[in-house]
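Colleague: Let's see this in three dimensions:
(chains A, B, C and D)
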2 protein chains.
Amino acid sequence: MKTADPAQPRQDLSAQIAEAIRDAIVEGRMITGERLPSEAELSEQFGVSRSTVREALKRLAAQSLIRTQRGAFGGAFVNRLSYQGAYSQHITTSTLLLSMNAVSFETACEARYTLERACAPIAARRRTDHSLATMRAEIARQSQAGLSDEAFCASDVALHRALVDAADNPVLSYQLAGAVEAMQPLMNMITFTARSRGEIVGLHSALADALEHQDAPAADTALHRLEAYTLTLGRDVMATRARKST
Amino acid sequence: MKTADPAQPRQDLSAQIAEAIRDAIVEGRMITGERLPSEAELSEQFGVSRSTVREALKRLAAQSLIRTQRGAFGGAFVNRLSYQGAYSQHITTSTLLLSMNAVSFETACEARYTLERACAPIAARRRTDHSLATMRAEIARQSQAGLSDEAFCASDVALHRALVDAADNPVLSYQLAGAVEAMQPLMNMITFTARSRGEIVGLHSALADALEHQDAPAADTALHRLEAYTLTLGRDVMATRARKST
DNA sequence: CCCTTATGAATGTCAGACAATTAAAGGTCT
DNA sequence: AGACCTTTAATTGTCTGACATTCATAAGGG
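Modeller: Numbering: from 1, shown residues only, chains lettered A, B, ... in the order given. This next block holds a predicted model:
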């Protein structure tokens, strides 16, 4: 049944088959929850061996386009791409992009805070008691003395996510997840002193206060100052490293 | 060599192996361009068959974490995740997310314009003659009479991408790509009348003018009005559909 | 010295087998 | 009749071995 392309096997059969099935899903010819033909049937349809079909299915599974189930009446099913799944994929991609492309601290920082400031006015309008409580809890954690650098950074990420989520727009949360989370490795480089932690916690508090009073301009100011301070810290670290390496 | 986990094969061997290799890449234990052991070596190291290793490698290839090369001194190599690759992955994920989760037009619209407005001040500061020329060219195309709806939408996307790219921050461009491109299917629903096209082109021109004069507030205003108008159009379409279906 | 030809290492594909899993059908006991 | 157990068939997961294909390098010939 290999009637096609006698001269352009520019990619693997498994990649071609994966693409064919992916197109069917993306274009809506297969809907969420629908069951794909069994591996045996697919191998017959495409005129390839079962191993090749399996490799194609694994490719799709890696993009969480399908999930597989063993046993009778099992098989491969078209996945519903959940926000959760999309988040984690986006974060993985963003993290790799940043780590592999020598993105400068300045560029990443600018992107992150620009996007966060965009959320701030909406968050100020829609913030709930619950989202405020989450932010306050993270601020309290960050104020603890014996906190490790990793824990401080994780709490920092959690606080910023709470800010984004306060805007109550899942699409926005999804888009921002990459920007916020992927910055964490870069932020981890900055070993925070007690002094700088205090400064950051102060700005976080100002941010939470602004949201509480639904004061969008104040939130914008706090984020601007946070960006400026983060940038200063980052540059100090860079400068210190440069001195040490000479 | 399967010494591990006698009781938690919660996922496939190929998935476990893929995860192990992915971790090695993400954590930097394998660097860009580095060659993985051959399939035969990997199958020995992990104590599984070659087929299983291959399925794991296909999973990684699907996320473009590795690429494979045939022939002598071929093998699997750790990929450098290019901006291009990250863009397309992000767009695919965003499109699927929107199409599979019944996101409302309002939510998607808000997310998109919020993010674009975040870029506008930076774009106003850094816009080059080249980015302005791109925008003007798209506006000219949109003004043509015989343009199909698809072509109009494509040009719309191109214009908004030019706006984002004018901010000259690749991380920002990457994050925004998903928001702008994934909206296209939703925007395509709106069959533009000649009247509404004129309105939109007018707002696009105002936007380009604002960037040319580096007038950030004016750009912000134009985007606000564009969002409001888009929302109106979308609601009209919805209302018309609701009437027809009854 | 250059061109051609082997060589070998690696991925790509195939075929067939068996293990593991699971839902549903069928059978048995109360 | 209904609850519980057993069988069965379908399907994915894994293994083995084979052969095809590709391609950089080494070997050989002019």
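Colleague: Pull the lowest-mean-pLDDT helix or strand in chain A out as PDB, backbone CA atoms only.
Modeller: Of all helical and strand segments in chain A, the minimum by mean pLDDT, DSSP states H and E falls on helix A:184-188, at a mean of 73. In PDB, the C-alpha atoms belonging to helix A:184-188 read as follows (Å, rounded to 0.1, in the frame of the first residue of the first chain):
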ATOM      1  CA  GLN A 184      13.600  30.100  38.100                       C
ATOM      2  CA  PRO A 185      17.000  28.600  37.100                       C
ATOM      3  CA  LEU A 186      18.200  32.100  36.200                       C
ATOM      4  CA  MET A 187      16.900  33.500  39.500                       C
ATOM      5  CA  ASN A 188      18.600  30.600  41.400                       C
END
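Colleague: where's it relative to the chain centroid, distance-wise?
Modeller: Relative to its chain's centre, helix A:184-188 lies at 14 Å (Cα atoms, centre = their mean, to the nearest Å).
Colleague: Can you confirm whether that helix lies near chain B?
Modeller: No - on the criterion Cβ under 8 Å from any Cβ of the partner chain, helix A:184-188 is out of touch with chain B, staying 9.5 Å away. For glycine as for every other residue, the C-beta is placed from the backbone atoms N, C-alpha and C.
Colleague: Pop out the phi and psi values for residue A:214.
Modeller: Residue A:214 adopts backbone torsions of phi 50, psi 40, taken as degrees, to the nearest 10.
Colleague: residues contacting it?
Modeller: Taking Cβ atoms under 8 Å, 6 or more residues apart in numbering or on different chains as the contact definition, residue A:214 lies against A:124, A:125, A:127.
Colleague: how about CSV for these, with distance to residue B:87, neighbour count and secondary structure added?
Modeller: CSV is the format used below for the contacts of residue A:214 (distance: Cβ to Cβ, whole Å; neighbours: other Cβ atoms under 10 Å in any protein chain shown; DSSP: H, G, I helix; E, B strand; the rest coil):
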residue, distance to residue B:87, neighbour count, secondary structure
A:124, 31, 23, helix
A:125, 31, 13, helix
A:127, 32, 24, coil
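Colleague: Closest one of those residues to chain B?
Modeller: Checking the contacts of residue A:214 against chain B with Cβ to the nearest Cβ, the nearest one is residue A:125 at 11.3 Å.
Colleague: give me the residue from chain A nearest DNA strand C.
Modeller: residue A:71 (2.0 Å; Cβ to the nearest atom of the strand).
Colleague: Check for me that that residue belongs to a helix.
Modeller: No - assessed with DSSP: H, G, I helix; E, B strand; the rest coil, residue A:71 is coil; it does not lie in a helix.
Colleague: close to chain B, is the one helix or strand residue A:240 maps to?
Modeller: According to DSSP states H and E, residue A:240 maps onto helix A:216-245. No - with Cβ under 8 Å from any Cβ as the criterion, chain B is not reached by helix A:216-245; the gap is at least 11.0 Å.
Colleague: From the chain's centroid, how far away is that helix?
Modeller: 22 Å.
Colleague: Look up the pLDDT of the residue of chain A closest to DNA strand C for me, please.
Modeller: With respect to pLDDT, residue A:71 scores 90.
Colleague: Need phi/psi at it.
Modeller: phi 90, psi 180.
Colleague: One more: the one 5 residues further on?
Modeller: Torsion angles at residue A:76 (phi, psi; degrees, to the nearest 10) stand at phi -100, psi 130.
Colleague: Nearest residue to it in space, please, no chain neighbours.
Modeller: The shortest distance from residue A:76 to any non-neighbouring residue, by Cβ to Cβ, 6 or more residues apart in numbering or on different chains, is to residue A:36 (4.2 Å).
Colleague: ok, residues contacting stretch A:124-140?
Modeller: A:123, A:155-156, A:158-159, A:162-163, A:165-168, A:201, A:204-205, A:207-208, A:210-212, A:214-216, A:219.
Colleague: would you say residue A:67 is within a strand?
Modeller: Yes - with three-state DSSP as the criterion, residue A:67 is part of a strand.
Colleague: picking that back up, and the residue nearest to residue A:76, what does it touch?
Modeller: Residue A:36 sits in contact with A:21, A:30, A:42, A:57, A:66, A:75, A:76, A:77, A:78, where contact means Cβ under 8 Å, 6+ apart.
Colleague: Closest to DNA strand D out of those residues?
Modeller: residue A:75 (3.7 Å).
Colleague: What residues are bridge-paired with that closest one?
Modeller: Here residue A:75 sits in beta bridges with residue A:69, going by DSSP bridges.
Colleague: count of residues packed around it?
Modeller: 18 (other Cβ atoms under 10 Å in any protein chain shown).
Colleague: Hmm, it is touching residue A:33, no?
Modeller: No - Residue A:75 is beyond contact range of residue A:33, at 11.8 Å (criterion: Cβ atoms under 8 Å).
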